[in-house]
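Engineer: One predicted model, sequence on top.
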Amino acid sequence: MEKEREMSLNRRGFLGRAAAGFGFMTSMAVLGESTRDWSGREPIRYPDPDIVVIDPRFGKYKLGNTAIQRIDQGMLWAEGPAWNGVGKYLVYSDIPSNVQRRWLDDNGAVSTFRNPSGNSNGNTFDFQGRQISCEHGNRRVVRYEYDGSVTVLASEYNGKPFNAPNDAVVHPDGGIWFTDPGYGSMMNYEGNKGPLHHKESVYRIDPDSGRIAKVTDELVKPNGLCFSPDYKKLYVADTGAPSPKPIWVWDVVNSNRLSNGREFCRMEVNGIRGGSDGIRADVDGNIWASAGWAGDGFDGVLVFAPDGDLIGQIRLPEICSNVCFGGVKRNRLFMTASQSLYAVYVETQGAHIC
């Protein structure tokens, strides 16, 4: 059992098993362990027992009369949720299926949004409302323009293709920051198998010149990332480090550089160790981190106070890959988790536009 809890978050191993059907069986096995009816047919007794207060500071964010809902399912590996405030919809990726899906706030309808998607992973929107996506299959970061055309923002560094851009966030100065751990090039399941050309790193695209700068290569596998509410800090999840996987934080200098990198927190609860793939900040500076690769009692979301203390948990029956805040008040947390999409209302708001 302890060996399972210490399972590495090395996606080479995970994707290899997933290609052989392991990912499906693991997800279904975890689902089978839960006594909760996730179909939505059975009522949930409030307060939802799977929203857990670990520190009293989390109590103000937990609503007493709301429940976690599964609002879509059937993906192979769901990722990259991003909220569009104008259209009132959530876009998210099903990486192995090579599609993006859309969930409508008006009526809960789900449809295919983009097919093919370049095996897109992370998605976000810039301050002009244009969608930005990290494409595993094409090893690039793209922006979808108002007329439907595609602008390639980043496809190579120092004359060599990127490994496989993973997740992206935008800064008010127009800069786009993204990670490149290379998972989408390790095998054909989530992209196109090929060599990794660079040390896994975090990059920034300059809004004026389009120049791409490497801002750090300190982590083993930099994955999910987010800014603090005031954009003075950058948080990055490392999915390649030993368990419990750390989330790192840097000071942002002059909006374009990083300094003073240090460990912010580690993904561990009740002695169970796992990792985080995607992270987001709320308006109070708490970090909401997707949690997985550790099984029942861990998988879901861990919430950390600005000082790095673990204060709350949202338990799901599947590995949670990524999160974002959305809804018309930005007070609904959307969670992509293995084969499903979940949502829950909380008493805070997302710090950023998606």
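Structural biologist: Sure, I can see it.

Engineer: So which bits of stretch 237-247 are buried?
Structural biologist: The neighbour-count check on stretch 237-247 (16 or more other Cβ atoms under 10 Å) flags 237-241, 243-247 as buried. Heads up, the C-betas are built off the backbone N, CA and C, glycines and all.

Engineer: nope, stretch 225-234 is what I meant
Structural biologist: Going by 16+ other Cβ under 10 Å, stretch 225-234 has these buried residues: 225-229, 231, 233-234.

Engineer: Repeat that for stretch 142-155.
Structural biologist: Counting neighbours by 16+ other Cβ under 10 Å, stretch 142-155 gives 142-144, 153-154 as buried.

Engineer: And the furthest pair within those residues?
Structural biologist: By the measure Cβ to Cβ, Y144 and A154 form the most distant pair in those, at 14.6 Å.

Engineer: about what we covered before: strands - which of the buried residues of stretch 237-247 land there?
Structural biologist: Secondary structure from DSSP state E places 237-238, 246-247 of those in strands.

Engineer: which residues of the stretch 51-200 of the chain fall in strands?
Structural biologist: Assigned by DSSP state E, counting those that start in this stretch, the stretch 51-200 of the chain shows strands spanning 51-53, 69-73, 78-84, 89-94, 99-104, 110-114, 120-125, 131-135, 140-144, 150-154, 156-157, 160-161, 168-170, 176-180.

Engineer: quick revisit: in TSV, list the buried residues of stretch 142-155 along with distance to Y189.
Structural biologist: As requested, the buried residues of stretch 142-155 are exported to TSV (distance: Cβ to Cβ, whole Å):
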residue	distance to Y189
V142	21
R143	26
Y144	25
L153	25
A154	23
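
Engineer: Please convert those residues to TSV, extending it with pLDDT.
Structural biologist: TSV is the format used below for those (pLDDT from 0 to 100):
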residue	pLDDT
V142	98
R143	98
Y144	98
L153	98
A154	98
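
Engineer: Point out where the stretch 1-150 of the chain drops to low pLDDT.
Structural biologist: 1-34 (pLDDT under 70).

Engineer: mind redoing it with 90?
Structural biologist: Counting by pLDDT under 90, the stretch 1-150 of the chain shows low-confidence ranges at 1-35, 39-43, 45.

Engineer: S120 is in contact with N166, correct?
Structural biologist: No: contact between N166 and S120 fails when scored by Cβ atoms under 8 Å: they sit 10.2 Å apart.

Engineer: any residues in contact with both of those two?
Structural biologist: Here N166 and S120 have 134, 136 as joint contacts, going by Cβ atoms under 8 Å, 6 or more residues apart in numbering.

Engineer: before we move on, back to that, and the strands of the stretch 51-200 of the chain: which comes nearest D277?
Structural biologist: Proximity to D277, assessed across the strands of the stretch 51-200 of the chain by Cβ to Cβ, is greatest for strand 78-84 (7.8 Å).

Engineer: what's that closest one in contact with?
Structural biologist: The contact list for strand 78-84 (Cβ under 8 Å, 6+ apart) reads 72, 89-95, 120-125, 129, 131, 133-134, 167, 277-278, 321-327, 330, 334-341, 350, 353-354.

Engineer: What residues sit buried inside stretch 295-304?
Structural biologist: Within stretch 295-304, the residues scored as buried using 16+ other Cβ under 10 Å are 295, 298-304.

Engineer: Show the buried residues in the contacts of strand 78-84.
Structural biologist: 72, 89-95, 120-125, 131, 133-134, 167, 277-278, 321-327, 330, 334-341, 350, 353-354.

Engineer: on that earlier part again, as a markdown table, the strands of the stretch 51-200 of the chain with distance to L258 would be great.
Structural biologist: Below are those laid out as a markdown table (distance: least, Cβ to Cβ, whole Å):
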| stretch | distance to L258 |
| --- | --- |
| strand 51-53 | 33 |
| strand 69-73 | 36 |
| strand 78-84 | 23 |
| strand 89-94 | 27 |
| strand 99-104 | 30 |
| strand 110-114 | 32 |
| strand 120-125 | 19 |
| strand 131-135 | 19 |
| strand 140-144 | 19 |
| strand 150-154 | 18 |
| strand 156-157 | 17 |
| strand 160-161 | 22 |
| strand 168-170 | 13 |
| strand 176-180 | 10 |
